[in-house]
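>>> Need coordinates for the following:
(one chain, ligands or ions: 2)
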Amino acid sequence: NEPPLDKGWIPWLGHALDFGKDAANFLTRMKEKHGDIFTVRVAGIYVTVLLDPNSFDSVVCDTTFLEFTRIRNQLIKKIFNLQLEEIDQASERRWMEWQFQGPSLVELNTTMKYHLQTVLLKTLHPLEWREDGLFDLCYSLLFKAGFLTLFERRVNPELVYNQFRQFDDLLAKLARSSLKGDEKNSARLSRERLWELLSPDRQSEAESVSWQKSYHHFLQEQGVSAEMQNRALLLQLWTTQCNAGPAAFWLLGFLLTHPEAMDAVKSEIRGLSALQDTSTQHPPIDPLETHRTPVLDSVLSETLRLTAAVMINREVIQDKTLHMADGRVFHLRRGDRVCLFPFLSPQMDPEIHSEPQMFKYDRFLNEDMSVKDHFYKDGRKLKYYTMPWGAGRNACVGKHFAVTAIKQFVFLLLTRLDVELCDPQAKLPPIQSSRYGFGMLQPDGDLQIRYRMKKTQHQT
Ligand code: HEM
Ligand SMILES: CCCCC[C@H](O)/C=C/[C@@H]1[C@@H](C/C=C\CCCC(=O)O)[C@@H]2C[C@H]1OO2
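Numbers count the residues shown, from 1 in each chain. Ligands and ions are numbered 1, 2, ... in the order given. Sure thing, here's the model as predicted:
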């Protein structure tokens, strides 16, 4: 009673090469061949891929037969050369939730907004058009603002960003051990350089307070060695910064290439701008916090549906019976893995989302402007109709912080700047196919834009 098995032709490696090259393409082919559950061999490991979102809970909610800690620790070792085995995962999770969802979230949002404004306005010359790649612009600005919000500010964020991008570009290959000679050196060097840049400034220890400092403190309490404490900062830099910039890029890229969506968002924003507080009241009232933005929210959900591609991997630690929503039952072997890839289903599933390759800005909007959250597969209403934030115990703890930051960034860009495509006919670049499974997708190439400060602002 096991799922159909496809070992591939290459001994031991099995399908590892196809999987690493373009997981979406490979898993689509396997789905066409075997259906919505099958097992493939990938570098000596048997991975059962489950592509029926109605059955996801049997994986996401199972903490007895399935677990993530060992897979996570192996990956962390490979990518960050970091060993955090002594950490109690549940305490770390609680600590993160307290930091990003507790009372300090309001303060984090305010600080992030302040830094977004300063880093954005710093890049502008009044009256002059500037040209840039949209991806580089979004990633660098959100990274710098995020870095200044969470980490110690003694180093130049530009320096950290440049090193970070070199590291991030090699990260998927690093995780799959497929780096070539030169790339190996360059990944190692940028990792070491980032450890150095992030290492705390002992002299300023007494006066400064930051998220970075509290995290350090948490690791100390958990008994993590000084060296590993420092390396863990890079893990957290990546976890907290690798998704928001690329998400903002895709969102603005879709708007710039879909004029009807841009008009709808701009019209919603005009309504909000009219409400913006120009009084001297402190802190000023922010209309994004006090008013609904159904159009922008739907645009964000649609953007993430098309470009968020996390994989949810679990290890089978005891033989397990997997009950599918349609009544089928499968046996999973201890030592194998289970993988959900929500990008293929629900996100790109034509049964759930009509014309799934198309960007439809109002896909998540009802006629009365409420959120559309009724989607069906096999006649069943779906709990998971899009899954950019993961699910269950590992789901993104920074979701609210990320959503606020992305909305603030888009609001700022569209209210303070004139932004246009250099080539009005330009299309969005294709997706980098090697990044499936590592959070937000990144483009292969960029979208050239020009931008300047809006006239009304530098006249006043
Ligand atoms: C569009 C932006 C973002 C997306 C799509 C996103 C997505 C995700 C996903 C899918 C996971 C879980 C991966 C898994 O199953 O292992 C995750 C974990 C996490 N995210 Fe986000 N994220 C975003 C932004 C952020 C931001 C801005 C922060 C914090 C500043 C953040 C903090 C975290 C943390 C700390 C975890 C680890 C949670 C854990 O291991 O329990 N994320 N994120
Ligand atoms: C790379 C392992 C570190 C995991 C740290 C944290 O729990 C998750 C952060 C996610 C991360 C997801 C990307 C890869 C996870 C590996 C999936 C797999 O098992 O193959 C990235 C930052 C956060 O969202 O996207």
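>>> give me every residue that touches the residue of the stretch 51-200 of the chain found nearest ligand 2.
Nearest residue of the stretch 51-200 of the chain to ligand 2: residue 75, at 4.0 Å (Cβ to the nearest ligand atom). All C-beta atoms are positioned from the backbone trio N, CA, C, and that covers glycine. Contacts were defined as Cβ atoms under 8 Å, 6 or more residues apart in numbering; by that measure residue 75 touches residue 175.
>>> Remind me which helix or strand it belongs to.
helix 69-80 (DSSP states H and E).
>>> Report the distance from that helix to the chain centre.
Put simply, helix 69-80 sits 18 Å off its chain's centre (Cα atoms, centre = their mean, to the nearest Å).
>>> same deal with stretch 46-65?
Using Cα atoms, centre = their mean, the offset of stretch 46-65 from its chain centre is 21 Å.
>>> Is there proximity between it and ligand 1?
No. Using Cβ under 6 Å from any ligand atom, stretch 46-65 never reaches ligand 1; the gap is at least 9.4 Å.
>>> can you check stretch 440-452 too?
Yes. If you take Cβ under 6 Å from any ligand atom as the test, stretch 440-452 does meet ligand 1, through residue 440.
>>> Ends of that stretch, what's the gap?
28 Å (Cα to Cα, to the nearest Å).
>>> And stretch 12-28, by the same measure?
Span of stretch 12-28 from end to end, Cα to Cα: 22 Å.
>>> thinking again about what came up before, which positions in the helix holding residue 75 come out as buried?
Neighbour counts over helix 69-80 (16 or more other Cβ atoms under 10 Å) mark 73, 76, 79, 80 as buried.
>>> Those into CSV, with extra columns for pLDDT?
Formatted as CSV, these follow (pLDDT from 0 to 100):
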residue, pLDDT
73, 94
76, 96
79, 98
80, 98
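>>> Closest to residue 350 out of these?
residue 79 (34.1 Å; Cβ to Cβ).
>>> Around ligand 2, pick out the residues from the stretch 201-350 of the chain.
239, 242, 243, 310, 311, 313.
>>> Please flag which of these sit within helices.
Members of those lying in helices (criterion: DSSP state H): residue 239.
>>> Please list only the buried members of the residues of the stretch 201-350 of the chain next to ligand 2.
In those, the ones that pass as buried (16+ other Cβ under 10 Å) are 242, 243, 310, 311, 313.
>>> The last one and residue 337 touch, don't they?
By that I understand residue 313. Yes. Contact criterion Cβ atoms under 8 Å: residue 313 and residue 337 qualify, at 5.9 Å.
>>> list the residues that contact both of those two?
47, 71.
>>> what subset of the buried ones among the residues of the stretch 201-350 of the chain next to ligand 2 is also close to ligand 1?
Applying Cβ under 6 Å from any ligand atom to these, one finds that 243, 310 fall near ligand 1.
>>> For the stretch 101-250 of the chain, just list every one of the strands.
Applying DSSP state E, counting those that start in this stretch to the stretch 101-250 of the chain gives strands spanning 130-133.
>>> Near ligand 1, which residues of it are found?
Counting by Cβ under 6 Å from any ligand atom, the stretch 101-250 of the chain comes close to ligand 1 at 239, 240, 243, 244, 247.
>>> With pLDDT and distance to residue 124 as added columns, please give those residues in a markdown table.
A markdown table is the format used below for those (pLDDT from 0 to 100; distance: Cβ to Cβ, whole Å):
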| residue | pLDDT | distance to residue 124 |
| --- | --- | --- |
| 239 | 98 | 30 |
| 240 | 98 | 26 |
| 243 | 98 | 25 |
| 244 | 98 | 21 |
| 247 | 99 | 23 |
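>>> List just the nearest of those residues to residue 192.
Checking these one by one against residue 192 (Cβ to Cβ), the nearest turns out to be residue 239, at 19.2 Å.
>>> Distance check, the closest one against residue 302.
Separation of residue 239 from residue 302 (Cβ to Cβ, to the nearest Å) stands at 24 Å.
>>> For ligand 2, see how far away the closest residue to ligand 1 within the chain is.
Residue nearest to ligand 1 within the chain: residue 398 (2.3 Å; Cβ to the nearest ligand atom). As judged by Cβ to the nearest ligand atom, to the nearest Å, residue 398 and ligand 2 stand 8 Å apart.
>>> For that residue, which non-adjacent residue is closest in space?
In space, and not counting its chain neighbours, residue 398 is closest to residue 100: 4.9 Å by Cβ to Cβ, 6 or more residues apart in numbering.
>>> Name the SS class of that neighbour, please.
Classification of residue 100 by DSSP: H, G, I helix; E, B strand; the rest coil places it in helix.
>>> what's the burial count for it?
Neighbours of residue 100 under the rule other Cβ atoms under 10 Å: 20.
>>> so it sits right up against residue 108, yeah?
Yes. If you go by Cβ under 8 Å, residue 100 and residue 108 touch, sitting 7.3 Å apart.
>>> Common neighbours of the two, please.
Joint contacts of residue 100 and residue 108 (Cβ under 8 Å, 6+ apart) are residue 401.
>>> need the residues of the stretch 351-460 of the chain near ligand 1, please.
Counting by Cβ under 6 Å from any ligand atom, the residues of the stretch 351-460 of the chain near ligand 1 are 388, 389, 390, 394, 395, 396, 397, 398, 401, 402, 439, 440.
>>> In a helix, the first one, correct?
No. Counting by three-state DSSP, residue 388 is located in no helix; its state is coil.
>>> what residues are up against the closest residue to residue 366 other than its chain neighbours?
Leaving out its chain neighbours, the residue that sits closest to residue 366 by Cβ to Cβ, 6+ apart is residue 372, at 4.8 Å. Counting by Cβ under 8 Å, 6+ apart, residue 372 touches 298, 363, 364, 365, 366.
>>> what sits against the first one?
When contacts are counted by Cβ under 8 Å, 6+ apart, residue 298 touches 361, 362, 363, 364, 365, 371, 372.
>>> what's the answer for the third one, then?
Residues in contact with residue 364 (Cβ under 8 Å, 6+ apart) are 297, 298, 301, 302, 371, 372, 373.
>>> ditto for residue 145
Counting by Cβ under 8 Å, 6+ apart, residue 145 has contacts 112, 115, 116, 118, 119, 405, 409.
>>> And the first one, how far from residue 145?
Taking Cβ to Cβ as the criterion, residue 112 is separated from residue 145 by 6 Å.
>>> Mutual contacts of those two, please.
With Cβ under 8 Å, 6+ apart as the test, residue 112 and residue 145 both reach residue 405.
>>> residue of this protein with the smallest distance to ligand 2?
residue 439 (2.5 Å).
>>> That residue: neighbour count?
20.
>>> repeat for the one 10 residues further on
By other Cβ under 10 Å, the residues close to residue 449 number 24.
>>> Let me know the pLDDT of the closest residue in space to it that isn't next to it in sequence.
Spatially, and ignoring its direct neighbours in sequence, residue 449 is nearest to residue 134 (4.9 Å; Cβ to Cβ, 6+ apart). Here the pLDDT value assigned to residue 134 is 98.
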